[in-house]
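Asks: Here is a sequence together with a model predicted from it:
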Amino acid sequence: MIKGFDSKIEGNCQVCSKSIKFHKSKIKKYCSKTCYYLDKKGKPVNAATQFKKGHIPSNFGIGELINSQGYVLQLAKEHIKANRHGYVHKHRLEAEIKLGRLLLDEEVIHHIDEVKTNNVWTNLYLFSNQSEHATYHRLVLSGKVKKILLSNL
């Protein structure tokens, strides 16, 4: 028998009782950081935000938060495009509501006033892809086109 081959053992997460496997020398109590924080802090951890280790933002767990890129994320666990913690970019949700359909993966939502937290549908503009969006910004910077002032949603 190969040394260490059968060294994994099985246990259960202390929070959600999910089955977990771990090396017998490194006993695990939790299946994820989410369960760890639920047990230790009473709140889940969210990978969509970046914060100092051990620090949970004051706005955490109320359904909305701002990620490290400055975009507002909305809690929408049932949404098909939600991340593993149940959050979706709010500007994409607002556009979907106004359009009455899901956005395609390649579609890009532009903030007309370039304020990432202003997610009112009248401030959002739909580009069919990232290339079209980048071309718009390049042309605006070069002065060849004027800035978009009205939503196309």
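Replies: Thanks, I have the structure now.

Asks: rest of the way, CA atoms for contacts and neighbours
Replies: Fine.

Asks: Now do the strands in the chain.
Replies: Ranges of strands in the chain, per DSSP state E, are 8-12, 19-23, 64-66, 72-75, 87-89, 108-111, 124-127.

Asks: Figure out which of those is closest to residue 137.
Replies: Judged by C-alpha to C-alpha, the one of the strands of the chain that comes nearest to residue 137 is strand 108-111, at 10.2 Å.

Asks: Now the terminal residues of stretch 109-117, how far apart.
Replies: 13 Å (C-alpha to C-alpha, to the nearest Å).

Asks: which of the residues in it are buried?
Replies: Neighbour-count burial for stretch 109-117, with 16 or more other C-alpha atoms under 10 Å as criterion, is recorded at 109, 110, 111, 112, 116.

Asks: quick one: which of the residues you listed is nearest residue 15?
Replies: residue 116 (35.6 Å).

Asks: Now that closest one, what are its backbone angles?
Replies: Note on residue 116: backbone dihedrals following degrees, to the nearest 10 are phi -70, psi -20.

Asks: and it, how far is that from residue 94?
Replies: 13 Å.

Asks: Let me see the contact set for the residue nearest to residue 71 when sequence neighbours are not counted.
Replies: Residue nearest to residue 71 in three dimensions, not counting chain neighbours: residue 116, with 5.4 Å by C-alpha to C-alpha, 6 or more residues apart in numbering. By C-alpha atoms under 8 Å, 6 or more residues apart in numbering, the contact set of residue 116 is 70, 71, 72.

Asks: Report how many residues lie close to the nearest residue to residue 13 once chain neighbours are set aside.
Replies: The shortest distance from residue 13 to any non-neighbouring residue, by C-alpha to C-alpha, 6+ apart, is to residue 30 (4.5 Å). For residue 30, the count of nearby residues is 21 (other C-alpha atoms under 10 Å).
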